[in-house]
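Have a look; sequence and predicted model below, questions after that.
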Amino acid sequence: MRVVGFIRLYGEHFPVAMKMIFDPRCRITLIDGITRREKMPVKVLYIGRYYNGEYIEKAIFDRFETVIEKRTTLFSARRHAEKLRAQADLLLCDIGWPYHGLINRNGSFLELPDWVNMSIFLEETWEETKQLFHKTIRRQDLRYIRIEGYRSETTSDPKEVADFYDRMYLPFMRSKHGGSMVKARKGHFVRRGRKGALLKILKDDKMLAGGIVFEEDDALFFLWIGLAPECFEHPPRALISAVYYFGIQYAQEMGCEVVDFTGTRAFMGDGTFRFKRKWGAGLSDTFSPSSILFKPENGNETAARFCQEFPMLARRRNGPEWLFLSLDQPVDEKRLKSYYKEFECDGISRLSVIDASGQAADLSAVDLESLNARVAVASLKNFADHYRKNAP
């Protein structure tokens, strides 16, 4: 079973997870920054235990400074947060399971899964599987892979796997995630590589990237990826695509039915989510029980513009739902189609678009069902009502 495979792959992290559950320490931070895309000033009140703190900062801000930081415990966090709440445009609470449920008992926060699972269900033949890839992957990435001359080899040699861990995987994780990295222990890493395989991506006989893949029942798990240090800053053209392409091809050759990309952060339209989606991956909310809690305030224009800039993957009763806000322009058919093109995939219950422009367009002729979308009209005064756990 896939659940048994998951436990075998990630069971080593369970003691750490249990320790974190019983650790009551947390911090409250008032952050003043400029958003990454629209360069908009925003103040965020962050309550957390730094599970996703550094990642959230990188996802949101182009630059920022910490105005106030208080170290406290889960038992007194609410009292300290209430004193600072008026100074912030919005609130993010990242305290992990099961405490997020206690904080959000009244459903006043929007719940965002901190990690989701993404996977591809392979077709009978390789040619049919390639048709699952987005057309930009087929037309561009696969062509670049051929032009660059990438090829793949596999090995289960423990020495090569250990060298990959030291030389590529660990430095790459540090460069990408910094202090928020969750690294695999070397012994566990080597055992998985020995029982599975190290997929090596080569160009002119030089290894530029690789990944540990592990077969369990009918699934091939993509566990860990690493790049050569010279590729960290500016990866060669289509190098990451080559890892995915040859990994999926390897799964097909091994007779697997599923390629499981395991955990993916997706709650603010993360680029990794969109990249995996282009390879045909669907989404399921089965990787983590923890939610990041998000709360903007009605009437706060900065908070509304933040919601416009960052789509939210919400945890809803009927499954994961993408939530978009349009403040500056009315929602029209062209915009709905762009959301569908960028974010729709298997496992998404629907795309919810909040039109707070004050000039809603006539969408009576648009086939919303085919776009798996619904449009709700709101205003600056009440837009935040849609950013609640049980919003309609």
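Now that the structure is in, tell me what you want to look at. Residues are numbered from 1 along each chain as shown.

got the contact list for the host helix or strand of Lys200?
Lys200 belongs to strand 197-203 when assigned by DSSP states H and E. The contact list for strand 197-203 (CB atoms under 8 Å, 6 or more residues apart in numbering) reads 148-157, 160-161, 164, 207-214, 236, 239, 242-243, 246-247, 250. C-beta: built from backbone N, CA, C; applies to glycine.

Paired strands for that strand, with orientation please.
Paired neighbours of strand 197-203 in the sheet (DSSP bridges): strand 151-155 (antiparallel), strand 206-216 (antiparallel).

What residues sit buried inside the last one?
To tie it back to what came earlier, the one meant is strand 206-216. 207-216 (16 or more other CB atoms under 10 Å).

mean confidence for it?
Strand 206-216 carries an average pLDDT of 96.

And the next helix or strand past that strand?
strand 219-227.

just to revisit the earlier point, please export the C-alpha coordinates of the strand holding Lys200 as CSV.
Extracted in CSV, the C-alpha atoms of strand 197-203 (Å, rounded to 0.1, in the frame of the first residue of the first chain):
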residue,chain,number,x,y,z
ALA,A,197,18.7,4.1,-7.6
LEU,A,198,20.7,7.2,-8.1
LEU,A,199,19.5,8.8,-11.3
LYS,A,200,22.5,10.6,-12.8
ILE,A,201,22.0,13.4,-15.4
LEU,A,202,25.1,13.8,-17.5
LYS,A,203,26.4,16.1,-20.2
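
and of the strands paired with strand 197-203, who's closest to Leu102?
Nearest to Leu102, of all these, is strand 206-216, at 34.6 Å by CB to CB.

quick check: angle from the closest one to strand 219-227?
Counting by axes from the mean of the first three to the mean of the last three CA atoms, to 10 degrees, strand 206-216 lies at 150 degrees to strand 219-227.

quick check, distance from strand 206-216 to the centre of its chain.
21 Å (CA atoms, centre = their mean, to the nearest Å).

Ok, stretch 311-321 next?
Here stretch 311-321 is found 13 Å from its chain centre; the criterion is CA atoms, centre = their mean.

Could you tell me which residues within it count as buried?
311-316, 320-321.

now it: mean pLDDT?
93.

Closest one of the buried residues of stretch 311-321 to Ala376?
Once CB to CB is applied, the member of these that ends up nearest Ala376 is Glu321, at 12.1 Å.

Can you classify Phe64 as helix, strand or coil?
With DSSP: H, G, I helix; E, B strand; the rest coil as the basis, Phe64 sits in strand.

Enumerate the beta-bridge partners assigned to it.
With DSSP bridges as the criterion, Phe64 is bridged to Gly33.

That one reaches Ile34, doesn't it?
Yes. Assessed by CB atoms under 8 Å, Phe64 is found in contact with Ile34 at 7.1 Å.

Between the two, which is the more surrounded one?
Phe64 (18 against 14; other CB atoms under 10 Å).

roughly how far apart are that one and Phe275?
The span separating Phe64 from Phe275 equals 25 Å under the rule CB to CB, to the nearest Å.

returning to that earlier point: and the strand holding Lys200, average pLDDT?
97.

can you check stretch 124-131 too?
Stretch 124-131 shows a mean pLDDT of 97.

Same question for stretch 272-282.
Rounded mean pLDDT across stretch 272-282 is 93.

Would you mark the buried spots in that stretch?
Neighbour counts using 16+ other CB under 10 Å place 273, 275-282 of stretch 272-282 among the buried residues.

For the stretch 101-250 of the chain, which segments count as helices?
For the stretch 101-250 of the chain, the helices defined by DSSP state H, counting those that start in this stretch occupy 126-130, 135-136, 142-148, 158-164, 170-177, 186-195, 239-253.

quick one, which of the ones you listed is nearest to Arg388?
Per CB to CB, nearest to Arg388 of these: helix 170-177, 30.7 Å.

What are the buried residues along the closest one?
In terms of neighbour count (16+ other CB under 10 Å), helix 170-177 has its buried residues at 170-173.

I figured Pro235 hits Leu227, correct?
Yes. Under the criterion of CB under 8 Å, Pro235 makes contact with Leu227 at 6.3 Å.

Need the overlap of contacts for the two.
Ala209.

Compare the two and say which is more crowded by neighbours.
For Pro235 versus Leu227, neighbours defined as other CB under 10 Å are more numerous around Leu227 (24 against 15).

Okay then, goodbye and thanks.
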